[in-house]
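> this one's sequence-less:
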């Protein structure tokens, strides 16, 4: 009976340790990145979307950071903890924008989607596949 209690105590300690480590991982990054608009509309799939995006970011401490579109560096800031910018971009497909520090660690990221107005994926079916006649 004593071993059952020690097992339960050990399991609860492990669970608490796991939960607190998750909290510390989130608290260390504590950065926010907003990219607007989050969706770009094109006429058909495969077309290039060109638009101006508004970037806004902030971190808990002042540091050197850069904004990346996939692996391409777009803009950098030095010794600051927040900034706003407008950038012209071109997208062929969904793209993730990332805010990275000097050690190339991702602090925050946001995805911008490319949707087609005439997409077959979202097209509504007008008639059924079967018929009595």
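Received it, and whenever you're ready, just let me know what you need. Since this is a predicted model, take the numbers as computed values, not measurements.
> When you work out contacts or count neighbours from here on, use the C-alpha atoms and nothing else.
Noted.
> Show me how this protein divides into domains.
1-29, 31-116 (automatic domain parsing).
> Which of these sits closest to residue 130?
Nearest of those to residue 130, taken as Cα to Cα: domain 31-116 at 28.7 Å.
> Span of that closest one from start to end?
Terminal residues of domain 31-116 lie 31 Å apart, using Cα to Cα, to the nearest Å.
> cool, stretch 94-108 as well?
17 Å.
> Equivalent analysis for stretch 89-108, please.
19 Å.
> how about that stretch: buried residues?
91-93, 97-101, 106-108 (16 or more other Cα atoms under 10 Å).
> Max pairwise distance over those: which two?
Between all members of the buried residues of stretch 89-108, the farthest pair (by Cα to Cα) comes out as 92 and 101, at 26.5 Å.
> Would you state the strands of the chain in chain order?
Counting by DSSP state E, the chain has strands at residues 32-36, 39-42, 49-69, 72-91, 95-101, 106-116.
> Nearest to residue 46 among the buried residues of stretch 89-108?
residue 92 (6.3 Å).
> Check what pLDDT the closest residue to the closest one other than its chain neighbours gets.
Leaving aside its sequence neighbours, residue 92 sits nearest to residue 48 (Cα to Cα, 6 or more residues apart in numbering; 4.7 Å). Note on residue 48: pLDDT of 90.
> Deepest-packed of the domains of the chain, please.
domain 31-116 (a mean of 15; mean count of other Cα atoms under 10 Å).
> By mean pLDDT, which helix or strand of the chain comes out lowest?
helix 2-29 (a mean of 39; mean pLDDT, DSSP states H and E).
> And the closest residue to residue 57 other than its chain neighbours, how close does it get to residue 44?
Leaving aside its chain neighbours, residue 57 sits nearest to residue 33 (4.4 Å; criterion: Cα to Cα, 6+ apart). Using Cα to Cα, residue 33 is found at 29 Å from residue 44.
> This completes my enquiry, with thanks.
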